[in-house]
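Colleague: Just to be clear, the model below is a prediction. Sequence and coordinates:
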Amino acid sequence: MKKTAVWLLLAALLLALASGCNRAGQEEEQGLMLWFPTDPDQERLSAALDSCPYRGESPSIPGLLAALLAGPPSESSGLVAAIPAGTRVLSWSLDNRVVDVELSAAYAELVGIDLTLADYCITLTLTQLPGVDGVRVTANGGGQSYRDRQALYPGDVLFSGAEEVPVEVTAALYFRREGGDSLGYELRTFRLTEDNVPAKAVLTALIAGPEDKGLVPLLPSQLTVRSAWVDEGVCIADLSAHLLEIPEEERALAVESIVETLRSLDTVDQVQLLIEGEPAEGSGGPDTARAAGPSE
């Protein structure tokens, strides 16, 4: 019951946290703060996010990002890392008071509430700096393939889906077996809200690559999921043209990995692949002219 209440109150709590962050940025004597999720195992009802002082010598965008990637300091009990281990900052730039931050592919494995919390930890931290009003986060060139909002601002914390209780979805992600031409799989559990699309989440994780030893990725890291939806047991996945960059002799196995991964979801019986909105030959799915779009 307590954990459920935490997520039901998340939107209102984050709104209060964002207001507090803005005030902290205006009070020089308080200094800059780093924002992290609170440990869910402690079942705290006070906040979904909390902050600790920034101790770095460089109060700058790269300094704050490095501190967030390092995780909360050991003396800050009750806080947990928001960003997956191994994530790197590939680039950043500031344009029109919005920071563009590109992170490595490990960040793209975040979905649902975990992605939202990580996004806002970055946003609440960086927008304390003078001249920074908003943040745009991408992962390894993935753009907005796993996110609806273009730029994030501290005041935009009443986000869609935050008031929903997360549910767990388990899928088998299929990758090439190292040193062979067959597929192996690893089981992953995703924590999603009702507004998240499981098919899109698992495909994003598939592109990011395996976690288990003995498996290697088949899909190019530049590949993006333009959209994905399930209609009466048929999953229609629209991918970018980067899928065609896979050598022809490997493409069939790559397509098979996509199809088998999507079919591991309980709601999916068949798969149809699109490339830039057009049917992909040999997608392993039904030949249907029924191009029904995702529900609004």
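Modeller: Perfect, I can see it now.
Colleague: just for the stretch 1-150 of the chain, where's the confidence low?
Modeller: 1-30, 40-47, 141-150 (pLDDT under 70).
Colleague: Can you list the residue ranges for helices in it?
Modeller: 2-8, 10-26, 61-70, 112-126 (DSSP state H, counting those that start in this stretch).
Colleague: How about the contacts made by the residue nearest the centre of the chain?
Modeller: For the chain, the residue lying nearest the average C-alpha position, counting by Cα atoms, centre = their mean, turns out to be L110 (3.4 Å). Under the criterion of Cβ atoms under 8 Å, 6 or more residues apart in numbering, the neighbours of L110 are P84, A118. To be clear about C-beta, it is placed using only N, CA and C from the backbone, and glycine gets the same treatment.
Colleague: any idea how far it lies from L218?
Modeller: Noted for L110: a distance of 21 Å to L218, by Cβ to Cβ, to the nearest Å.
Colleague: can I assume L243 sits in a helix?
Modeller: Yes - the assignment for L243 is a helix, going by DSSP: H, G, I helix; E, B strand; the rest coil.
Colleague: give the contact list for it.
Modeller: Taking Cβ under 8 Å, 6+ apart as the test, what L243 contacts is L219, P220, L223, R251, A254, V255, L273, I275, A280.
Colleague: Tell me the pLDDT of it.
Modeller: Listed pLDDT for L243 reads 93.
Colleague: returning to what we had before: roughly how far apart are the residue nearest to the centre of the chain and Q272?
Modeller: 27 Å.
Colleague: got it, and Y185?
Modeller: 21 Å.
Colleague: out of those two, which sits in the more crowded spot?
Modeller: With neighbours defined as other Cβ atoms under 10 Å, Y185 and Q272 compare such that Q272 has more, 22 against 18.
Colleague: Make sure that one is actually in contact with G233.
Modeller: No - at 11.2 Å, Q272 does not count as touching G233 under the criterion of Cβ atoms under 8 Å.
Colleague: In terms of pLDDT, where does S221 sit?
Modeller: pLDDT, S221: 88.
Colleague: From I207, how far off is it?
Modeller: Applying Cβ to Cβ to S221 and I207 gives a distance of 7 Å.
Colleague: shared neighbours, the two?
Modeller: Taking Cβ under 8 Å, 6+ apart as the contact rule, S221 and I207 both touch A105.
Colleague: Just want to know which of the two has more residues nearby.
Modeller: Here S221 and I207 are compared on neighbour count by other Cβ under 10 Å; more neighbours surround I207, at 27 against 17.
Colleague: What does that one show for phi and psi?
Modeller: Dihedral pair for I207: phi -70, psi -40, per degrees, to the nearest 10.
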